[in-house]
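Peer 1: Show me the folded form of this:
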Amino acid sequence: MERQKKSRPFGVFAVIGLAAALTGALISAALIMEYFGLSFSLTQAVCRAGGELNACRTAAKSAFAALRSLPLVGDIPVALFGFIYYCYASLLFAIALRQGARSDKAPLVLIVLLSIPALAADLFLFLVSAMFIRVFCPLCTASYAATLIITASSLLTLRRYRKSVGDVMAADGPVLSLPTFLRERIFAHGFAIILIAAVGMGIGLLARSSLAESMARFGGDERISRLIERYEAVLESRIDIEEAPFDGNPGAPVRIVVFSDFNCSSCVRMDKSLKRLLEERQGELVIYYKNFPLGEQCRDTADHRKEVSSCLAARAALCAAKQGRYTAYSTALYLDCETGVEHDIRSLRGHAARVGLDSSDFDACMASNEALEHVRQDRLEGERLLVDGTPTLFVNNRMLDTADLDQRTLRALIEYITNRSQGRSR
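Peer 2: Residues are numbered from 1 along each chain as shown. This next block holds a predicted model:
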């Protein structure tokens, strides 16, 4: 009876530790896949909790997240080391449970010894995340909690079954029995660790092959492949879209934020391409419009230089958006740019009348500072995001490289994102 009472807390603590280790292994596997660009609907939901960014992807793709370009193996994500630790801890807890309360405690001592550097690594990564990456990664935090639970569970189990410090350091105590435990099982445990590492690397290869398979749908087109690879490599940025005009379904899997200038001929072509894509991919795409008037920022409305003309046009488009006519009004502004008509207050009022705006509301909006301040904030946000020209596109919060960007390659990228989004939701 006494033996059963003593076995009960041993089993409880060991099972808690085993559950934490298995959970940590699953979390590490998810972070390995995030590093290589593969997400699932559950991890997406967890990692975007409390914000629009995938914080786990941001942490997993940071400069601190991997040993890169190693000979023969390439990149090794830091999460792989966590995967090895958690899986091996699971094995040791399983051995301890199988042996029972009265047997050798060396597996638990080994867990404690391994947990010390694991806790130090977790503390370092937490500080890096807080001070340098500046994101809150829910999966990372859950893995830190798993390490703490593993350490506490193994210590509590050991504490329950020692009568004094002398017992622990005795000849048959758990600390001094550890070398014997390892010596007798060195090859089996070494093979287990190698196998665990191979499984972790296999998870990374699986994620990479999934990306390659998705890209293979486009027939090996180099420009499309480069665009997709660069898209996957870029970290997400926080973009304020709360008051930005938009077209499309706000819940669409593909969200494009475009920074543009109404005096930019390339923006005219991009606007036409985006509108065609909206028609082709109805329900799958939403476009938010941000202003980035080139040259100096908005100044006196009496100054008719080109950059000030851009600012006037941006203000007018925002005033049209307040009356629900942004798309029609911006189309008229781009037509002026295409035909060489300068944006001035007279032409802007003419467009307001033609698209059916209330003229008094439009004039009041243009006379106020609200639209002007909105344009200035758009411009400042663009500078923060390192926008240095127009048009600049962000797809799902990632800045696109314009080198391979046109309607065909953008269409392919949208198809790629949509297909992967549908695959994650299955």
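
Peer 1: Quick check: mean pLDDT of the longest helix along the chain?
Peer 2: In the chain, assigned by DSSP state H, the helix with the most residues is helix 178-216. For helix 178-216, mean pLDDT rounds to 86.

Peer 1: again with stretch 67-75
Peer 2: 82.

Peer 1: Output that stretch as CSV, nothing but the C-alphas.
Peer 2: C-alpha atoms of stretch 67-75 as CSV (Å, rounded to 0.1, in the frame of the first residue of the first chain):
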residue,chain,number,x,y,z
LEU,A,67,22.8,28.3,-38.7
ARG,A,68,23.0,29.2,-42.4
SER,A,69,24.8,27.8,-45.4
LEU,A,70,26.6,24.9,-43.6
PRO,A,71,28.5,22.5,-45.8
LEU,A,72,26.5,19.5,-47.1
VAL,A,73,23.4,20.3,-45.0
GLY,A,74,22.6,24.0,-45.9
ASP,A,75,20.5,25.8,-43.3
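
Peer 1: Can you get me the start-to-end distance on stretch 381-388?
Peer 2: 11 Å (C-alpha to C-alpha, to the nearest Å).

Peer 1: circling back: could you say what helices and strands the longest helix of the chain packs with?
Peer 2: If you count contacts as 3 or more C-beta pairs under 8 Å, 6 or more residues apart in numbering; DSSP states H and E, helix 178-216 packs onto helix 2-35, helix 78-99, helix 106-128, helix 222-233, helix 407-425. The C-beta positions use only the backbone N, C-alpha and C, and glycine is treated the same way.

Peer 1: following the fourth one, which helix or strand shows up next?
Peer 2: Next along the chain after helix 222-233, taking DSSP states H and E as the criterion, comes strand 246-248.

Peer 1: What strands flank the next helix or strand after that next one, and is each parallel or antiparallel?
Peer 2: Under the assignment DSSP H and E, the closest C-terminal helix or strand after strand 246-248 is strand 254-260. When pairing is defined by DSSP bridges, strand 254-260 lines up against strand 285-291 (parallel), strand 392-395 (antiparallel).

Peer 1: contacting residues around the next helix or strand after strand 254-260?
Peer 2: As assigned by DSSP H and E, the chain's next helix or strand after strand 254-260 is helix 265-280. Residues from elsewhere that reach helix 265-280, judged by C-beta atoms under 8 Å, 6 or more residues apart in numbering: 247-248, 256, 258, 260-261, 285, 287, 330-331, 334, 337-338, 390-391, 393, 406-407, 410-411, 414.

Peer 1: What residues sit buried inside helix 265-280?
Peer 2: Buried residues in helix 265-280, defined by neighbour count with 16 or more other C-beta atoms under 10 Å: Cys267, Val268, Met270, Asp271, Ser273, Leu274, Leu277, Leu278.

Peer 1: how about the residues you listed in CSV, adding distance to Ala314 and pLDDT?
Peer 2: Shown next, in CSV, are the buried residues of helix 265-280 (distance: C-beta to C-beta, whole Å; pLDDT from 0 to 100):
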residue, distance to Ala314, pLDDT
Cys267, 11, 94
Val268, 15, 95
Met270, 16, 93
Asp271, 14, 94
Ser273, 20, 93
Leu274, 17, 94
Leu277, 23, 93
Leu278, 21, 93
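
Peer 1: mind putting those in TSV, distance to Leu92 included?
Peer 2: Shown next, in TSV, are those (distance: C-beta to C-beta, whole Å):
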residue	distance to Leu92
Cys267	61
Val268	65
Met270	57
Asp271	61
Ser273	57
Leu274	56
Leu277	54
Leu278	56
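
Peer 1: Ala29: which of those residues is nearest?
Peer 2: Of all the buried residues of helix 265-280, Ala29 sits closest to Leu277, with 35.3 Å by C-beta to C-beta.

Peer 1: Can you tell me how far that closest one is from Asp404?
Peer 2: 16 Å (C-beta to C-beta, to the nearest Å).

Peer 1: Could you do Gly37 as well?
Peer 2: 18 Å.

Peer 1: swap in Val268?
Peer 2: Distance, Val268 to Asp404, by C-beta to C-beta: 20 Å.
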